[in-house]
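> Kindly return the folded structure for what I paste below:
(2 chains)
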Number of protein chains: 2
Amino acid sequence: MPSSAPTLRRITVLSGGVGGARFLQGLLHGLRTGVVPGGSADTEVTVVANTADDWWIHGLKVCPDLDTVMYTLGDGIDVERGWGRRDETWSARTELEAYGVEPTWFGLGDRDIATHLVRTQMLEAGYTLSQVTEALCRRWLTPVHGETVRLLPMSDDRVETHVAVADPDSASGRRVVHFQEYWVRLRAAVPAETVIAVGQDAATPAPGVLEAIGEADLVVLPPSNPVVSVGTILGVPGIRDAVRSTPAPVVGLSPIVGSSHVHGMAAQMLTSIGVEVSAGAVGAHYGARSAGGVLDGWLVDERDAGQLTGLEQSGIRAAAVPLMMSGHDATAAMAAAAVSLVTDGRS
Amino acid sequence: MPSSAPTLRRITVLSGGVGGARFLQGLLHGLRTGVVPGGSADTEVTVVANTADDWWIHGLKVCPDLDTVMYTLGDGIDVERGWGRRDETWSARTELEAYGVEPTWFGLGDRDIATHLVRTQMLEAGYTLSQVTEALCRRWLTPVHGETVRLLPMSDDRVETHVAVADPDSASGRRVVHFQEYWVRLRAAVPAETVIAVGQDAATPAPGVLEAIGEADLVVLPPSNPVVSVGTILGVPGIRDAVRSTPAPVVGLSPIVGSSHVHGMAAQMLTSIGVEVSAGAVGAHYGARSAGGVLDGWLVDERDAGQLTGLEQSGIRAAAVPLMMSGHDATAAMAAAAVSLVTDGRS
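Just a heads-up that it's a prediction; the model follows:
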């Protein structure tokens, strides 16, 4: 019912990397093509990206989620991989391996390195991550999206996800590794005993983040990892409260389809925080706003339609649609369904 | 007269970049093939390299002369260009240009960047440039030359060549640019009013440099730039005195052939210090050790044979041979001639 939908002037999305970026691409496609109720090509989209996966490697500051969103929306992403640059070369990585410097399991592409060089230099010159991100986006987002898309780091402060894994070789029986080591080197194949966002308690939201949530007409939790992506964003003091109290409806899309994560390795993360790996359980973990949570609506895949009743009973509007981001049109349809779920009857 | 030549256990070479590196390659070839009188495959060669061309770019510490020597002797050089890595790719440079960050005229290759990343990280961890160079050379020199070739920076301290050029647009009528800007961007096409090695007075020779000069059986000034390469090395307090006082003979090879520099752009540098652009004038500029200079012998090209008498009169043994480094054999013959010039009759 596009005619009765409230106008969406501003949408704010709390995003992780690959899944969030793909969703955003579909959302923007849906806004441009008019399939998102109330949306248009003029709808401003603010992305608040997780920065707790960021790390320093070979002296470079790497921000995987910011870059994945930036490259994806700026049409520079390697579409197959979902991360990193298209037409990438790997000469520097080959050389770093030849020098024998660690880690060798984190692949820095040559094109990507240029982004990290610019970012690292700006940070070392005293600019904040927000300012650096804005500068980088002037190359990537402005030419493609004008002023309609803004990318903000969740915080300018250092927040770093670390994961405790069992390690029989260690005296304590466990080992704490940076999220990147857990995700990239260990491929999340080892049970995560604990997930800790170091620095999170002392972090403050980056400039514009709380305003983007408070002044939005819609807040979206895309199908990003509910623990180490959306979870760390919500964990920055002030952000969860802003989502709870925004006048805008808040809708999320389940990253879990059936009993597995659409993009792979989230199961360990959920298990580590005691959440069952199911669309319904993740929705319940986020919780209904009416009950102190962050969701007004939660979109699950049609395979998970059996979980709708439980969600509705907990105070979350729920609907089941195809949730596979198989192309821009399919993803735009998901975005449209998410919007409809929380705006129908509100106009 | 190889049979009567004194044994060369140790040779120390004060080198710049491309010209010095090519000479070193020929010298090592000559030692391996037995054409250098007194030399053998066991002769230890210590290279003291100019570091006053070093600079920071895009947050990376780049040492052009150290790297040119290292890549050349480690069989990783781009032979055509004479600098940088073979099979280089330029993805990062393309991207840095796309970001619009300056300078765009200094090309950092992707393979080369890996070297700079390792170096920069080690320096920032507190290692000295000597230690970093030793670590990098473990990859490049040890596999090819075992322990016979050592590469030392002239100093671990920061010494930086700057060049004052006329600039009618400037209030002072001049502009001071880093040597790299003068050499690479301006291609030394503008007259150099002054050449200043910033930091040189306070610099000390790197560990091993004075010993390498004092304990050598032969010291060689290769056909490197007499002002901004060999000149800055000799200008580090202590090094010129070490060359003057070493018991070893000191021989140099003219970088000037006819009235031009073999590798291009040295003329402006000589003019800036008031030295005529000729093989004889450069020899006289270095000066005879017997008269407070640094040379026992000076090898010029056969085209410059007319300048031998003047050199001999100033106390410098001189000879004229073909001085074009057109291949390893030709360069080895030059090295052999240089050795003969100062060791014949000394055995």
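> Please report how far the closest residue to chain B within the stretch 201-347 of chain A lies from A:I239.
Scanning the stretch 201-347 of chain A for proximity to chain B using C-beta to the nearest C-beta identifies A:A206 as nearest, at 21.3 Å. Heads up, the C-betas are built off the backbone N, CA and C, glycines and all. A:A206 is 10 Å from A:I239, where distance means C-beta to C-beta, to the nearest Å.
> Mutual contacts of the two, please.
When contacts are counted by C-beta atoms under 8 Å, 6 or more residues apart in numbering or on different chains, A:A206 and A:I239 are jointly contacted by A:48, A:154.
> Quick one: name the residues of chain A near chain B.
Within chain A, the positions near chain B by C-beta under 8 Å from any C-beta of the partner chain are A:58-60, A:85, A:87-89, A:91-96, A:98-101, A:109-111, A:113-115, A:117-118, A:120-121, A:124, A:136, A:139.
> Next up, the contacts around A:W90.
Neighbours of A:W90 in contact, by C-beta under 8 Å, 6+ apart: A:107, A:109-110.
> Closest to A:S15 out of the residues you listed?
Using C-beta to C-beta, A:G109 comes nearest to A:S15 of these, at 21.5 Å.
> quick one, strands of chain A?
Ranges of strands in chain A, per DSSP state E, are A:10-15, A:44-49, A:55-57, A:60-62, A:149-153, A:160-166, A:174-178, A:192-198, A:218-221, A:250-253, A:256-257, A:260-261, A:297-301, A:317-321.
> Which of those comes out lowest on mean pLDDT?
Among the strands of chain A, strand A:260-261 carries the lowest mean pLDDT, a mean of 65.
> pretty sure A:A197 contacts A:G235?
Yes - taking contacts as C-beta atoms under 8 Å, A:A197 lies within contact range of A:G235: 5.7 Å.
> burial count for A:V176?
17 (other C-beta atoms under 10 Å in any protein chain shown).
> what's across from it in the sheet?
Residues in a beta bridge with A:V176, per DSSP bridges, are A:A164.
> Roughly how far does it sit from A:V236?
Distance check for A:V176 against A:V236: by C-beta to C-beta, it reads 21 Å.
> Over to A:V18?
For A:V18, the distance to A:V236 - C-beta to C-beta - is 21 Å.
> and these two? which has more neighbours close in?
Per other C-beta under 10 Å, whichever of A:V18 and A:V236 has more neighbours is A:V236, with 28 against 24.
> How about A:E276, nearest residue that isn't a chain neighbour?
Closest residue in space to A:E276, ignoring its immediate chain neighbours: A:L270 at 7.2 Å, by C-beta to C-beta, 6 or more residues apart in numbering or on different chains.
> isn't the one you found right up against A:S254?
No - A:L270 is not in contact with A:S254 according to C-beta under 8 Å; the separation is 11.6 Å.
> Kindly point out which residues are neighbours of both of the two.
A:V282.
> Could you list the low-pLDDT ranges of the stretch 1-150 of chain A?
Under the criterion pLDDT under 70, the flagged ranges of the stretch 1-150 of chain A are A:1-4.
> mind listing the helices for it?
Counting by DSSP state H, counting those that start in this stretch, the stretch 1-150 of chain A has these helices, from start to end: A:18-33, A:64-73, A:91-99, A:110-124, A:129-140, A:142-145.
> Tell me which of these lies nearest to A:A332.
Taking those one by one with C-beta to C-beta, helix A:18-33 is closest: 3.2 Å.
> And the contacts of A:W90, which is closest to A:H162?
The nearest one, if we look at these relative to A:H162 and count by C-beta to C-beta, is A:G107, at 21.2 Å.
> Confirm for me that the closest one is in contact with A:S91.
No - here A:G107 does not reach A:S91: they are 11.8 Å apart, not a contact under C-beta under 8 Å.
> out of those two, which sits in the busier spot?
A:S91 (23 against 16).
> excluding its backbone neighbours, what's nearest the more buried one?
Using C-beta to C-beta, 6+ apart and skipping residues adjacent in sequence, the residue nearest A:S91 is B:D110, 3.7 Å away.
> measure that neighbour to A:R85 for me?
According to C-beta to C-beta, B:D110 stands 12 Å off from A:R85.
> Give me the contacts around stretch A:312-326.
Here stretch A:312-326 makes contact (C-beta under 8 Å, 6+ apart) with A:19, A:22-23, A:26, A:223, A:253-254, A:257, A:262, A:283-284, A:287-291, A:293, A:295-305, A:307-308, A:311, A:330-331, A:333-334, A:337, A:341-342.
> buried ones in it?
For stretch A:312-326, a neighbour-count test (16 or more other C-beta atoms under 10 Å in any protein chain shown) marks A:314, A:316-321, A:323, A:325 as buried.
> And stretch A:151-167, by the same measure?
Those buried within stretch A:151-167 under the rule 16+ other C-beta under 10 Å are A:151-165.
> Just the closest of those to chain B, please.
A:L151 (15.5 Å).
> surely the closest one meets A:T142?
No - between A:L151 and A:T142 there is no contact under C-beta under 8 Å: 10.9 Å.
> Could you report the pLDDT at the nearest residue to A:G315 once chain neighbours are set aside?
Nearest non-adjacent residue to A:G315, counting by C-beta to C-beta, 6+ apart: A:A288, 3.4 Å away. Note on A:A288: pLDDT of 98.
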